[in-house]
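> Can you look at this prediction? I've put the sequence above it.
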Amino acid sequence: MSEMLRLFRGGRRASLVPNYTVMVLLALFSLGPVCVLAFNSLKSNLEIGDNSLGPPTELHLENFFNAWVQGAFGTTVRNSLFLVVTTVALVLLLGGIAAYALARLKPPGADAYMVYMVALSTVPVWLYLVPLFVILKRIGLIDSLWGLLLLYVALESPFSIFLLRSFMLEVPSDFEDAARVDGASEWQVLIRVMLPIVWPGFLTVGLVVALSVWNEFQIAYVFIHSPELQPVATSYYSFQRRFYTDWALTSAAAMMMITPVICFFLALQRRFIEGLAQGGLKG
């Protein structure tokens, strides 16, 4: 019996070798570009031209200071933080109310509306960029953080509503029925019953929206023209010239941009994965 158990454990351990091999390869594939970026952020442009993949032979820590000053990161980071925090707050507030109505109140045409929302979230923004530009110009929101905020909320809401609704559909209705019997209104049911249960879903949606807004470049580049209003992703243009790109400062700027995102995700990765597992099973 012990011999059979030993063979079983040995075979099981051997069967996991391909899995670990694939995981290691995927980890190297993911971390490799980040390591190269970190190496290049500490090199001079001459060394990047000679050796763009290996570690630096001499550390140039001044790249980070120069990138911060030349890219006006003090201004762009402040603008991006405003956009991220406000967009996440509005999307969670409006999307949470809409998702609760679609999941629990069952308005007429709710299923058709969700199909429309999912289809809308897959349409590239470039298809309706010109009409959006004309509309915002007419209402005076071109080159305005408030106009950019309005676009971000509108673009992030469809998928957020769909995901929040999927979280709420997983919750048994018995909790809400008991609260209604006790005289709770729909608003109280949402705040005091539903929200404490599905808050990992709200956290997941908030992280997805925050990362999307923080990294967004195309819309900001089209609708924002003033340097003092540009978000952080547009700072890369500060390191480009007509016939030359400062890759050392570009790499340093990229490291300053992605480091907070990586740290924030690592701090909340358990909740993020928990939320995806909870709400990604039912739509």
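Looks like it came in fine.
> Domain boundaries for this structure, per the record?
In terms of domains, the chain is parsed into 2-62, 64-279 (source: automatic domain parsing).
> mean pLDDT lowest for which of these?
Comparing mean pLDDT across those, the weakest is domain 2-62, with a mean of 77.
> Following the chain onward from the helix or strand where Trp146 lies, which element is next?
Following DSSP states H and E, one finds Trp146 within helix 145-169. Toward the C-terminal end, the helix or strand that comes next after helix 145-169 (DSSP H and E) is helix 174-181.
> got a list of contacts for that next one?
104, 188-189, 192-194, 197 (C-beta atoms under 8 Å, 6 or more residues apart in numbering). To be clear about C-beta, it is placed using only N, CA and C from the backbone, and glycine gets the same treatment.
> What residues sit buried inside that helix?
176, 179 (16 or more other C-beta atoms under 10 Å).
> likewise stretch 44-54?
44-45, 47-48.
> Which stretch among the domains of the chain is buried most, on average?
domain 64-279 (a mean of 17; mean count of other C-beta atoms under 10 Å).
> if we can go back for a sec, and the helix holding Trp146, what does it pack onto?
When contacts are defined as 3 or more C-beta pairs under 8 Å, 6 or more residues apart in numbering; DSSP states H and E, helix 145-169 sits against helix 73-100, helix 110-121, helix 129-138, helix 195-215, helix 218-223, helix 247-279.
> ok so, going back, which one of the contacts of helix 174-181 sits closest to Pro227?
Distance to Pro227 across the contacts of helix 174-181 (C-beta to C-beta) is lowest for Met194, with 43.6 Å.
> The closest one contacts Leu169, doesn't it?
No: the pair Met194 / Leu169 is not scored as a contact, 11.2 Å apart, by C-beta atoms under 8 Å.
> Could you pull up the residues touching the residue nearest to Asn45 when sequence neighbours are not counted?
Leaving out its chain neighbours, the residue that sits closest to Asn45 by C-beta to C-beta, 6 or more residues apart in numbering is Ala248, at 5.0 Å. Applying C-beta under 8 Å, 6+ apart, we find Ala248 in contact with 40-41, 43-45, 48, 60, 63.
> Now render those as JSON lines, adding secondary structure and distance to Leu129.
Below are the contacts of Ala248 laid out as JSON lines (DSSP: H, G, I helix; E, B strand; the rest coil; distance: C-beta to C-beta, whole Å):
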{"residue": "Asn40", "secondary structure": "helix", "distance to Leu129": "33"}
{"residue": "Ser41", "secondary structure": "coil", "distance to Leu129": "33"}
{"residue": "Lys43", "secondary structure": "coil", "distance to Leu129": "37"}
{"residue": "Ser44", "secondary structure": "coil", "distance to Leu129": "39"}
{"residue": "Asn45", "secondary structure": "helix", "distance to Leu129": "35"}
{"residue": "Ile48", "secondary structure": "helix", "distance to Leu129": "35"}
{"residue": "His60", "secondary structure": "coil", "distance to Leu129": "39"}
{"residue": "Asn63", "secondary structure": "helix", "distance to Leu129": "35"}
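> Return the member of the residues you listed nearest to Val85.
Using C-beta to C-beta, the shortest approach to Val85 within the contacts of Ala248 belongs to Ser41, at 27.0 Å.
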